[in-house]
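*Asks:* this is the structure alone, sequence omitted:
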């Protein structure tokens, strides 16, 4: 099974499960900002319009968000998590902050986050099959668009990017992108 086939199967299975859960769930509270959220996702590793596809393979994402401050229809969360590559690619752990904005009374929301990551990948070019990331500690940026299916369940399209921003090491700043689908459980 190829990495892309695995990721596609995981996303389709997750979407079918969400639709099933959504059909039996109570209606979502507009602008609901949960205090705690646990995310589990299936991601594609180093794919996309700005990626070189040097590394390959599917990723699993697990993350935790904790509400720090609630505003009218938005909130600020502290977050931590990990992206685990299921092939021979780079995995990383991260921490940071995320802002969530609900779109009016709609169950649709957007998130943007920043923070830091620590990875287990190559620092310098050692192989044509691995990314060189320049430094062990990296900056991290994330963005997502989600839908609150019920009070407890959400689904979001997710993208993150890790890079040293040419600040920590000018020579090797390849960066790494992951994207996919995450399911959130709020409590």
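*Replies:* Thanks, I have it. Remember, predicted model here, so these are calculated numbers, not experimental data. Residues are numbered from 1 along each chain as shown.

*Asks:* lowest average confidence, helix or strand, in this protein?
*Replies:* Taking mean pLDDT, DSSP states H and E as the measure, the helices and strands of the chain show their lowest mean at helix 3-24, namely a mean of 49.

*Asks:* and the pLDDT at residue 141?
*Replies:* Per-residue confidence (pLDDT) for residue 141: 96.

*Asks:* how close does it get to residue 157?
*Replies:* 15 Å (Cβ to Cβ, to the nearest Å). All C-beta atoms are positioned from the backbone trio N, CA, C, and that covers glycine.

*Asks:* more crowded one of those two?
*Replies:* residue 141 (18 against 15; other Cβ atoms under 10 Å).

*Asks:* adjacent strands (with direction) for the helix or strand hosting that one?
*Replies:* Using DSSP states H and E, residue 141 sits within strand 137-148. Sheet pairing of strand 137-148 (DSSP bridges) gives strand 108-119 (antiparallel), strand 153-163 (antiparallel).

*Asks:* grab the nearest non-local neighbour of residue 108.
*Replies:* Distances taken as Cβ to Cβ, 6 or more residues apart in numbering put residue 147 closest to residue 108, at 5.7 Å, once the chain neighbours are dropped.

*Asks:* likewise for residue 184?
*Replies:* Residue 184 sits nearest to residue 154 (Cβ to Cβ, 6+ apart), 4.0 Å away.

*Asks:* burial measure for the one you found, as a count.
*Replies:* Residue 154, neighbours per other Cβ under 10 Å, totals 24.

*Asks:* and residue 58, by the same measure?
*Replies:* Neighbour count of residue 58, defined by other Cβ under 10 Å: 25.

*Asks:* distance of it from residue 167?
*Replies:* For residue 58, the distance to residue 167 - Cβ to Cβ - is 30 Å.

*Asks:* quick check: bridge partners of the residue nearest the centre of the chain?
*Replies:* Nearest to the mean C-alpha position of the chain, counting by Cα atoms, centre = their mean, stands residue 158 at 4.8 Å. Per DSSP bridges, the residues bridged to residue 158 are residue 144, residue 180.

*Asks:* wait, what's in contact with it?
*Replies:* With contact taken as Cβ atoms under 8 Å, 6 or more residues apart in numbering, residue 158 is in contact with 41, 43, 61, 142-144, 179-182.
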